[in-house]
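K.L.:
coords please:
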Amino acid sequence: MQQCLAQDIGIGNWYSLFPYNTATGAAFGDHKAYGGRYGLLEYNTLTGEYTNYTKVNGLSDVNIVKLAYAEAKKALVITYESSDIDIFQEGIFYNVPDLKNANIAASKKINNVTIINNDAYISSGVGILVVNLDKHEVKATYPMVVAGAQSDVYDVALQNNKIIALTNKGIFKADVNNDFLQNIDNWTLVNPDVYKKILVTSDSVYIANDSIVYSWDGFAGIHFMYQTDLAIKDMLISQNKLNIAVYKSFGKIIQINKDGSGVNEIGGLSPQQLAVDDNDKLWMANTFTGLDKLNNIGDLQNYKIGGPYSLDAFNLRFINNSLFIIGGAVAQNYNFLYKRGGVNKYSNYTWKSYTQWTGYPQMDSIFDILDVEENKITKSIYFASYGGGFLEIDKNGAMTQLARNSVIQSANGDEYAWLVTNLKMDANNNLWATVTGAVNNLMVLKKDGAWQAMQLPNNGESNVWSQIEIDNIGQKWIIKQRNGGLLVYNDNQTIENLNDDRYYLYTSSPNNGNLASNNVRCIAKDNDGKIWVGTDNGISIINCPENALESGGCPAENKIVQYDIAAGKLFQDEYVTTIAVDGANRKWVGSANGVWLLSADAEKIILHFDKNNSPLPTNDINKIAIDPNSGIVYFATQNGVVGYRSTATDGATEIIEPLVYPNPITSDYIGTIAIKGLIENADVRIIDAAGQLVYRTVALGGQAIWNGKTYSGAKPQSGVYYVLATNADGSVTQKTKFVFVH
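P.N.:
Below you'll find the model as predicted:
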């Protein structure tokens with residue numbers, strides 16, 4: 001099963017592109033197995049159906065810690081790294097944010113969740129929270145303050161109406177029916193030693209510290225059972241055996257008899273949390289495989305849906321109807337981060353991952369892949385690695401590392417570092433690349449397969465180059481990192497002849513470019529050919545890039561706008577990380593404070609998304625990319641990728657019959673109606689069968705939107721309606737029809 005298909009989502013809706021091959025939480029209940037980390041996966045064991053949940057369709061956050069299922073309440077409790085809590089009950093998500101929102105100095109980390117008497121007991125750094133699963137609220141808090149100091153509660157359990165709490169101050173017991181457990185005086189310290197896991201069965205109690213499992217008589221008596229050099233993550237009884245999940249950099253399941261005899265190890269795992277199903281089979285959340293079921297020894301069955309290999313998303317590229325999620329990264333100052341997330345490609349409803357673990361073992365020494373480009377003629381795909389140089393994957397899937405040929409140079413002072421930062425294909429199918437730290441810091445792989453080396457001016461300063469943008473006359477605009485400004489470079493359409501090349505360095509000086517800042521973070525060319533420059537101090541606009549190297553030049557405009565009471569420079573003081581341009585020439589802007597959609601002239605804010613008002617997993621936006629055909633806008637964040645279907649697409653490059661979505665339009669449909677495949681910025685008219693005008697608008701690029709109502713605010717009558725679209729001078733006409741059904 002694949003995740004929600006982008007083409008199926010309506011305008012204004014979201015979908016997520018998270019990996020499901022990793023899990024930290026597992027639970028089972030009501031014939032359903034659950035596993036999750038960045039999203040929640042539900043598998044129905046009766047029907048074989050999968051359902052995935054993220055912030056798009058119910059979850060309050062990302063980064064799941066633990067799960068627990070209350071069978072009597074048919075409620076799944078979900079806890080997060082942020083200390084947030086969700087309850088999933090009868091198909092509805094309820095949020096319990098009390099711990100997350102608590103203004104306290106102590107750590108609010110959630111260590112575990114346990115179902116006791118149909119309530120959820122949350123073990124945390126601030127004690128125990130008891131959550132009522134009927135009212136979906138915190139009914140009690142036991143801070144466990146010992147000698148004036150806050151205790152960290154690792155786990156709790158119930159035995160004979162006694163709550164057992166494992167803390168960093170020892171093991172405490174209390175009567176579960178005592179109404180005054182907020183006071184530590186109503187708890188009894190029964191063992192001063194520190195343990196972190198407890199499992200109570202009908203005839204035994206097991207406790208564990210980080211590496212040793214004991215049986216326990218409930219007081220001072222403990223008996224050694226098993227020791228490991230790994231970290232104990234969970235314990236559970238299945239098939240009449242004690243199953244111990246252990247993991248560090250690798251892991252396994254230890255199965256032993258209840259008396260400690262008959263030790264059996266199941267290796268090759270990375271278990272985090274265990275669950276047991278109705279048939280007493282063991283399920284587990286595995287770090288590197290996701291949700292797994294242990295049918296028998298040696299028979300491990302994996303349950304997951306399609307997705308990227310990892311959460312890493314430094315960059316996005318949309319190339320030839322395919323989305324590339326690029327999983328490398330560099331620090332803001334362009335130091336190494338050694339990310340091995342590789343590249344994930346989403347195309348035609350399927351995922352393809354390029355990593356050392358997914359069929360490309362030669363990538364074991366390749367880290368920090370920063371960009372991707374495709375040769376439109378040969379169909380080869382090129383990767384830029386900040387350390388490993390160029391990689392080429394031909395149309396048959398064969399990978400070749402191109403770092404060590406005679407043209408591509410390593411960085412000065414590090415003969416084993418080929419620091420390729422950005423790739424850009426020009427209109428003549430020449431591949432341009434920036435190479436940081438090398439003397440030949442600009443490379444071209446020409447369409448004939450030959451390499452050409454160039455030297456961008458360095459002036460003894462930072463030789464760190466990143467993004468390339470190519471303007472309408474073929475000039476290359478290249479970011480010089482570490483406060484170096486923005487270089488415009490013109491090869492005079494003679495790549496081999498370096499003697500006629502010209503360049504100019506834009507800086508923040510009013511006499512040398514007038515940028516908002518020398519710290520340029522991103523650039524984008526809009527549909528009018530203007531260059532938009534994102535910096536750590538807002539956005540500058542180069543309105544006449546073709547004149548940049550001519551007499552008089554083209555200084556950047558630092559536009560004055562008024563979005564609220566006060567006017568100011570465009571995004572002044574905002575650290576702008578990415579800019580993308582949609583089919584209507586509107587600007588999508590990302591920063592550490594979320595995403596904005598600006599009008600084409602940036603005079604108006606149309607939308608603003610952040611993690612609090614949208615499914616964005618975080619406010620830190622690394623990159624924005626747009627599918628020109630569907631209008632879906634993809635956001636790469638530090639916590640994965642999500643997509644939002646916007647209202648604009650690129651205009652049609654040929655005359656086709658427009659598509660109305662949905663069609664037919666039923667009486668219960670309340671969303672936005674889209675008409676796509678239009679000539680750019682077409683005049684669009686909707687008329688009824690009698691020729692009466694129902695609605696008129698102008699396309700946003702190649703797509704027009706309609707709320708499905710007439711000018712009077714009423715829904716049209718049932719029947720056939722017609723769309724007539726023309727370009728600005730009336731020389732091109734498009735027609736289609738659709739049906740309203742009431």
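K.L.:
What residues does the residue positioned nearest the centre of the chain make contact with?
P.N.:
The chain has Gly640 as the residue nearest its centroid, 1.2 Å off, counting by CA atoms, centre = their mean. Residues near Gly640 by CB atoms under 8 Å, 6 or more residues apart in numbering: 16-19, 38, 62, 311, 313, 617. From N, CA and C alone the C-beta is placed, and that goes for glycine too.
K.L.:
Go through these and say which is closest to Leu129.
P.N.:
Nearest to Leu129 out of the contacts of Gly640 is Val62 (CB to CB; 21.0 Å).
K.L.:
For that closest one, grab the count of nearby residues.
P.N.:
26 (other CB atoms under 10 Å).
K.L.:
Grab the nearest non-local neighbour of it.
P.N.:
Pro617 (4.6 Å; CB to CB, 6 or more residues apart in numbering).
K.L.:
got it, and Val131?
P.N.:
Val131's closest residue in space is Ala120 (CB to CB, 6+ apart), at 4.2 Å.
K.L.:
what's the pLDDT at the closest residue to Gly36 other than its chain neighbours?
P.N.:
Distances taken as CB to CB, 6+ apart place Ile64 nearest to Gly36, at 4.4 Å, with adjacent residues excluded. At Ile64, the model reports a pLDDT of 98.
K.L.:
Run a quick check on Ile64 versus Ala27, I expect a contact.
P.N.:
No: between Ile64 and Ala27 there is no contact, the gap being 10.5 Å when judged by CB atoms under 8 Å.
K.L.:
I'd say Leu189 and Ala174 touch.
P.N.:
No: checked against CB under 8 Å, the pair Leu189 and Ala174 is beyond contact range at 10.6 Å.
K.L.:
quick one: which of the two has more around it?
P.N.:
Comparing Leu189 with Ala174 by neighbour count (other CB under 10 Å), the higher total belongs to Ala174, at 20 against 13.
K.L.:
what residues are up against that one?
P.N.:
Contacts for Ala174 (CB under 8 Å, 6+ apart) come out as 162-163, 165, 181, 186-188.
K.L.:
tell me which of these is nearest to Asn112?
P.N.:
Closest approach to Asn112 among those (CB to CB): Ala165, at 11.0 Å.
K.L.:
Okay, now the sheet partners of the helix or strand where the closest one lies, with direction.
P.N.:
Assigned by DSSP states H and E, Ala165 falls within strand 162-167. Using DSSP bridges, the strands paired with strand 162-167 are strand 153-159 (antiparallel), strand 170-175 (antiparallel).
K.L.:
How about residues contacting that strand?
P.N.:
Residues contacting strand 162-167 (CB under 8 Å, 6+ apart): 116, 121, 123, 128, 142, 144, 146, 151-158, 171-176, 181, 187, 194-198, 200, 205, 207, 218.
K.L.:
Buried among the residues you listed? Make that a PyMOL selection.
P.N.:
Selecting the buried subset of the contacts of strand 162-167 in PyMOL, with 16 or more other CB atoms under 10 Å as the burial test, is done by:
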select buried, resi 121+123+128+142+144+146+151+152+153+154+155+156+157+171+172+173+174+176+181+187+195+196+197+198+200+205+207+218
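K.L.:
Just the endpoints, please. Distance across stretch 161-175?
P.N.:
Separation of the first and last residues of stretch 161-175 by CA to CA, to the nearest Å is 6 Å.
K.L.:
Let me know the distance separating the closest residue to His136 other than its chain neighbours from Leu40.
P.N.:
In space, and not counting its chain neighbours, His136 is closest to Tyr94: 3.9 Å by CB to CB, 6+ apart. Distance from Tyr94 to Leu40, counting by CB to CB, to the nearest Å: 14 Å.
K.L.:
who has more neighbours, those two?
P.N.:
Neighbours per residue (other CB under 10 Å) separate Tyr94 from Leu40, with Leu40 holding more: 27 against 17.
K.L.:
What spatial separation is found between that one and Asp371?
P.N.:
Leu40 is 32 Å from Asp371, by CB to CB.
K.L.:
likewise Tyr121?
P.N.:
Taken as CB to CB, the span from Tyr121 to Asp371 is 48 Å.
K.L.:
same check, this time on Asn321
P.N.:
19 Å.
K.L.:
Looking at the two, which one has more neighbours?
P.N.:
For Asn321 versus Asp371, neighbours defined as other CB under 10 Å are more numerous around Asp371 (26 against 11).
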